[in-house]
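Visitor: Build me a model from this:
(2 chains)
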Amino acid sequence: MDLGSLLNALILGVSIASIWLIAALGLTIIYGTAGVINMAHGEFIMLGAYSSYMLQFYLGVPYLLCLPASFVIVALVGLALERGLIRYLYNRPLDTLLATYGVSLVLMQGVRLIFGSDPKYLAVPEIFQSNVMLGSASISTFRIVVLGVTALLVFALWLLFYKTRFGVQVRAVMQNKEMAASFGINSGRIYMMTFALGAGLAGVAGALFGVLAIVLPTMGASYVVQAFLMVVVGGGSLAGSVVASGVTGEMQSVFAFFTNDTFARFIIFVLIVVFLRFRPQGLFAQAGARR
Amino acid sequence: MQFTRRNLLKTTAAASAALAAPHLWLPTASEAWGATLKKGEPIKVGLLFSLTGSLAVPEEDSTLVMQYAIEEINKAGGVAGVPIEPVIVDAKSDFAVYSEKAKELILREKVIALFGCYTSASRKAILPTVMQRDHLLYYPTCYEGAECTQNTICTGPLANQHSQDLIPFMVQQFGKRVFFVGSNYVWPKESNKNAKVWLQKAGGELLGEEYIPLGSSEFGPVLNKIREAKPDFIFSTVVGASDIAFHKQFKQEGFKADKMPIASLTTGEIETRAMGAEFGAGHFLSAPYFQTLDNPTNNKFVESFLKSKYGKNGTTHYNMEETYTSAYVFKAGFEKAAAAVGFENVTPRAIRDHSGGVRVEDNVSPEGLIWIDENNFNCWLKPKIGQCQADGTFKIVKAADNHVAPDPYSIYPDAGVCTKDGLKSPDGKIRKSVI
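Guide: Presented below is the predicted three-dimensional model:
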């Protein structure tokens, strides 16, 4: 072992963290704001990948434009879902769990009926198919893209929540829905917007994952567990998810460097269980949030 | 019943007596199947594949190609003059469902044979049922071996057939230094044990061996280790969606197929199409069948299959071809059994007993002549090595000159030899139903 390879592992850790974080962003927003545990999150990711595939395959849209387009398409799906189903269930958390699980099955099967169950393919520009060397360290260009998009989205969300009027309203509703309503904030509208926003974020994640891995009706399942872990460990806040993915991503990479991938996962799961035993509310529980 | 102490003793005694006499629980062969064939009624076979879930990608193709093969056989007059009727179920990529559906097909539908499974895990899930009922499973894909059940007929290559040509070929072409990457379950581990034996014979050097959880798509850490180890080539037993992620990230991380190719046991035509040909080009695959095999039977098979209503996925690949030939192995075995014991007396056991040595000839089998081993009921075939081209098809760079014998215990000589009655250990004892 030398320093160069450890440096490589640390850089990779940042990349793994960004992948886990972008998978968890949408879930964080939806859970953090409305308290809805969205079991269909993985399928939103999958829809994002299929939206990009559709745009690229049928309309020839360049890949980088597919990212924002996937955001819009999946956000609209999320919006329709919220209006049609979720909004009737806000006071019944167990029912939202079941309902969103049902929705996830419907989405998965629907996509399979339309596109078939064979894997699809997302083309990216040649420049994203290689790597860059930074001294002895090496990282693939596409991982830098994922990192960049994640950083951009986190920054945008921070701006949205802490620097805009909408953000103030969201935080007010989060802390106390009835009190916020008595000040004239339409909490139903806030929930609707954040649900759509969360879905859209999952869509962007899907458009990126389709390039890193594969576009399949079942692809969401492999990311959703990781995403839930980040939200639970982070405590449902944006900062919590950022720190949780940062720490676990680095741990995954460094442990895998010293042992192997499977064992690294095992250690992380054990550490998370121990952590939650002593801090069940997660890293940064939202002070004053009441549900 | 009250649980007094005396009662409890009595019941446990009775229960242990029953357990000590296992034959009480095992039905005899005729009871096992519990049906007879009638002339004029179609012969029912069960297609036990996943049509939904993570295994649907390969297994849906298996179901389609089986339907195609059955239609083709029926058009040509059926089996012993009687048409085959497929009973199609969906195992939903869930091992519990495999086992449940296997029971349903055997007990309720009374099919005479099962065609099914893709992963070793699902096969191992249904084998207890199949063996208990003395039934018959056609397992139409590659597997690791180390089984001797008397109830399975396999038309894919075993681990020994997979790597005995591939490893020496790669060592000779690219160099001695190898890195193994596989999915974390039984087939890759057993295949790698086999590959190590051939690697040692070829004078190669194993630099590292890494396993990735099934379904994982994060290959960063493994690729970093590969970068560090600088192997001459990579031997991969990564399967399914992970395999596609592996090839993509391999290129995205700056590795080049011409400098350090991946020699895989699974990356065939569907995988390269799913990842995009530019990520597959230059890498190698060992398989008995490639779509590009140039012989009249295969050209006809590819053309008419892709034109048929079952060919909507637009490609043929080794797994489909092995499934296709299994239908003809069934036909040959059934007809041989019917000639020997009479049509009405054909049972799954009779088919299996008469399948040893049955051949699927050049004019039927797209990969060329294959036959079933008389002892272990796996398949004699010619492994081939293909290199993926820029358009996603494979160029065959090496084909075995002779048929290679299937040897399920090639790396476990101490376990014994698989004979048609059971696993014969070196001390002469024969054990039945070894899984």
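
Visitor: What is the neighbour count of the residue of the stretch 51-200 of chain B with the smallest separation from chain A?
Guide: Nearest residue of the stretch 51-200 of chain B to chain A (C-beta to the nearest C-beta) works out as residue B:56 at 4.3 Å. Just so you know, the C-beta spots here come from the backbone N, C-alpha and C atoms, and that holds for glycine as well. Applying other C-beta atoms under 10 Å in any protein chain shown, we find 25 other residues in the vicinity of residue B:56.

Visitor: Which secondary structure state does the closest residue to it other than its chain neighbours sit in?
Guide: If the residues on either side of it in the chain are set aside, residue B:56 comes closest to residue A:117, at 4.3 Å by C-beta to C-beta, 6 or more residues apart in numbering or on different chains. Counting by DSSP: H, G, I helix; E, B strand; the rest coil, the backbone at residue A:117 sits in coil.

Visitor: Just give the number of residues close to residue A:117.
Guide: Residues lying near residue A:117 (other C-beta under 10 Å) number 25.

Visitor: Could you verify that residue A:227 is part of a strand?
Guide: No. Using three-state DSSP, the assignment for residue A:227 is helix, not a strand.

Visitor: Which residues are in contact with it?
Guide: A:20, A:23-24, A:27, A:41-42 (C-beta atoms under 8 Å, 6 or more residues apart in numbering or on different chains).

Visitor: and of those, the nearest to chain B?
Guide: Of the contacts of residue A:227, the one sitting nearest to chain B (C-beta to the nearest C-beta) turns out to be residue A:20, at 9.3 Å.

Visitor: what helices or strands is the host helix or strand of the closest one leaning on?
Guide: Using DSSP states H and E, residue A:20 sits in helix A:3-34. Packing partners of helix A:3-34 (3 or more C-beta pairs under 8 Å, 6 or more residues apart in numbering or on different chains; DSSP states H and E): helix A:41-59, strand A:137-140, helix A:141-163, helix A:165-175, helix A:187-212, helix A:221-234, helix A:238-258, helix B:220-229.

Visitor: Just want the angle from that helix to helix A:165-175.
Guide: 80 degrees (axes from the mean of the first three to the mean of the last three C-alpha atoms, to 10 degrees).

Visitor: buried stuff in helix A:3-34?
Guide: By 16 or more other C-beta atoms under 10 Å in any protein chain shown, the buried positions in helix A:3-34 come out as A:5, A:8-9, A:11-13, A:15-34.

Visitor: That one relative to helix A:41-59, how many degrees between them?
Guide: Using the same axes, to 10 degrees: helix A:3-34 against helix A:41-59 is 100 degrees.

Visitor: for the spatially most central residue of chain B, helix, strand, or coil?
Guide: By C-alpha atoms, centre = their mean, chain B has its centre lying nearest to residue B:141, at 2.3 Å. Of the three states, residue B:141 takes coil under three-state DSSP.

Visitor: quick one, what contacts it?
Guide: Going by C-beta under 8 Å, 6+ apart, residue B:141 touches B:58, B:62, B:117-118, B:154-156, B:319, B:322-323.

Visitor: Next, give phi and psi for it.
Guide: Geometry field for residue B:141 lists phi and psi as phi -160, psi -180, criterion degrees, to the nearest 10.

Visitor: Report pLDDT for it.
Guide: As predicted, residue B:141 sits at a pLDDT of 88.

Visitor: cool, and residue B:25?
Guide: Confidence score, pLDDT, at residue B:25: 45.

Visitor: Likewise for residue A:37?
Guide: 88.
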